[in-house]
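Asks: Sequence plus the predicted model coming up.
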Amino acid sequence: MIYESEHKGAKMRMKKKVGIPRALLYYKFEALWTTFFKELGATVIISPDTNKTIKDLAVRYAPDEDCYSTKLYFGHAIFLKDKVDYFFIPRFGSDHEVNVGCPKFIGLAQVLDSLFPDFPEIIMPYYSKAKANHGKRRLIRIIFEIGFKFTLNPVKILRAARRAIKAHREHEKNLYISESKLEKWLQSKVSLNIKPNLGNRNEPLKIALVGHRYLLNDNLSNLNIKESLAEKGVDVITSEQMPRRLIEDQMNKLDYNMYFDYVRELLGTIMYFQENNIIDGILQLAVFSCGPDSIILELASRYSQRTSGPPLLQLVIDELTSEVGFSTRLEAFLDMIERRN
Ligand code: SF4
């Protein structure tokens, strides 16, 4: 028995540690990546929720001209660097024939690698359907190239990939709500986020919270917006939860193609609620110095001027955004909605 537990202990110690910064695309591919590495037998270490230490590292080491979310990525990666054997920072361009993600997602791994020579090896597969015509063959190659770093068993690698894809699909299925659930949310029969504190109110205010997933799910960078809204009696739906068909229907109404993939759900959500006028307000959070956000801010603002939909508040966030100023604007917005109602 003693021998067995020692043997197990040695095996555990030999497990390779893969670090994944909790930032940017992690918020989209969390289930896919973590399942894959765990199934390969690796220990997956994800950086904690953004905290003051991580933010300080980000501000100190990231290039000034980067957007706030990319700066935070730097903070998360630096926080993890001495705790892992590998980093996993894919250079992910797109999984769509035409539409692309942010160019930052592609360059980040190489920038970190060249700026920080003391970083552990970065696993940085490149995949872009739109720009490099990558498809299944490329994906299989990537899966095996990564897999062989952790096991020599090809069956185990294929099984890990299959389970990872299944976990990813499951994650998306749970995230995107159906149109009937949206209807129930509108009638206050279900809550999709933190239950609102109604206080003296009979009904909660209904607000769509729109923004990048890595902003909406990172409480430090969004200044705890979901909790603040719930405390003020607001029932929230986020752009990442919206039924996909409604987003795509809105995108089809544009007379141009919205080329940046991840902002389609942002603009689609705003357009849908502006057109249908079925909620009390829309709150759009944008990241300072984000190129795609600056386009969406402008388009959303023009669209809302053309329609008689709910009021739209747009807030741009960076590392200097003060909690007091932020909360004052939020309260003024909610007061205005109350008066309007
Ligand atoms: S989409 Fe905007 S916020 Fe996201 S990484 Fe690119 S520039 Fe930064």
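Replies: Right, received. Where do you want to start? Numbering: from 1, shown residues only.

Asks: The closest residue to the ligand within the stretch 151-300 of the chain: how many residues sit nearby?
Replies: Here the residue of the stretch 151-300 of the chain nearest the ligand is Cys290; by Cβ to the nearest ligand atom that distance is 2.9 Å. The C-beta positions use only the backbone N, C-alpha and C, and glycine is treated the same way. Neighbouring residues of Cys290 were enumerated by other Cβ atoms under 10 Å; the total is 24.

Asks: and after the helix or strand bottoming out on mean pLDDT in the chain, which helix or strand comes next?
Replies: Least confident helix or strand of the chain, by mean pLDDT, DSSP states H and E, is helix 2-14 with a mean of 48. Downstream of helix 2-14, the next assigned helix or strand under DSSP states H and E is strand 17-20.

Asks: Contacts for that next one next, please.
Replies: Applying Cβ atoms under 8 Å, 6 or more residues apart in numbering, the contact partners of strand 17-20 are 26, 33-34, 37, 42-47, 77, 80-81, 83-88, 120, 123.

Asks: what do you get if the cut-off is 6 Å, keeping everything else the same?
Replies: For strand 17-20, contacts defined as Cβ atoms under 6 Å, 6 or more residues apart in numbering pick out 26, 33, 37, 42-46, 80, 84-88.

Asks: ok, which pair from those is furthest apart?
Replies: Tyr26 and Asp85 (18.4 Å; Cβ to Cβ).

Asks: Who has more neighbours out of those two?
Replies: Neighbours per residue, other Cβ under 10 Å: of Tyr26 and Asp85, the larger number sits with Tyr26, 21 against 15.

Asks: Now for the more buried one: which residues touch it?
Replies: Ile20.

Asks: pLDDT value on it, please?
Replies: For Tyr26, the model assigns a pLDDT of 98.

Asks: go on, Ala130?
Replies: 96.

Asks: Which residue comes closest to it once chain neighbours are left out?
Replies: Among residues not flanking Ala130 along the chain, Ser94 sits closest, at 4.3 Å (Cβ to Cβ, 6 or more residues apart in numbering).

Asks: okay, now the domains of this protein?
Replies: Domains of the chain are assigned by automatic domain parsing as 2-174, 177-340.

Asks: what does the stretch 51-200 of the chain put close to the ligand?
Replies: Residues of the stretch 51-200 of the chain found near the ligand (Cβ under 6 Å from any ligand atom) are Cys67, Ser69, Thr70, Cys102, Lys104.

Asks: scratch that, the stretch 201-341 of the chain
Replies: His212, Val287, Cys290, Gly291, Pro292, Asp293.

Asks: and the fifth one, that one's in a strand?
Replies: Looking back up the chat, that one is Pro292. No: assessed with DSSP: H, G, I helix; E, B strand; the rest coil, Pro292 is helix; it does not lie in a strand.

Asks: Touching, it and Tyr262? I think so.
Replies: No: contact criterion Cβ atoms under 6 Å: Pro292 and Tyr262 do not qualify, at 7.3 Å.

Asks: Spell out the secondary structure type for the closest residue to Ser128 other than its chain neighbours.
Replies: Once flanking residues are discounted, Ser128 sits nearest to Gly93: 2.6 Å by Cβ to Cβ, 6+ apart. Three-state assignment for Gly93 (three-state DSSP): strand.

Asks: ok, Gly93 to the ligand distance?
Replies: 12 Å (Cβ to the nearest ligand atom, to the nearest Å).

Asks: That residue: what's it in contact with?
Replies: Gly93 touches Val100, Ile106, Ser128, Lys131, counting by Cβ under 6 Å, 6+ apart.

Asks: Restrict the longest helix seen in the chain to CA atoms and write it as CSV.
Replies: For the chain, the helix with the greatest residue count under DSSP state H is helix 154-175. C-alpha atoms of helix 154-175 as CSV (Å, rounded to 0.1, in the frame of the first residue of the first chain):
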residue,chain,number,x,y,z
PRO,A,154,-3.1,8.8,-30.0
VAL,A,155,-6.4,7.2,-28.8
LYS,A,156,-6.2,9.3,-25.7
ILE,A,157,-5.5,12.4,-27.7
LEU,A,158,-8.5,11.8,-30.0
ARG,A,159,-10.7,11.0,-27.0
ALA,A,160,-9.6,14.2,-25.3
ALA,A,161,-10.4,16.2,-28.4
ARG,A,162,-13.9,14.6,-28.7
ARG,A,163,-14.7,15.2,-25.0
ALA,A,164,-13.4,18.8,-25.3
ILE,A,165,-15.7,19.6,-28.2
LYS,A,166,-18.6,18.0,-26.4
ALA,A,167,-17.9,20.1,-23.3
HIS,A,168,-17.7,23.3,-25.5
ARG,A,169,-21.0,22.5,-27.2
GLU,A,170,-22.6,21.9,-23.8
HIS,A,171,-21.3,25.1,-22.5
GLU,A,172,-22.7,27.1,-25.4
LYS,A,173,-26.1,25.3,-25.1
ASN,A,174,-26.3,26.4,-21.5
LEU,A,175,-25.2,29.9,-22.3
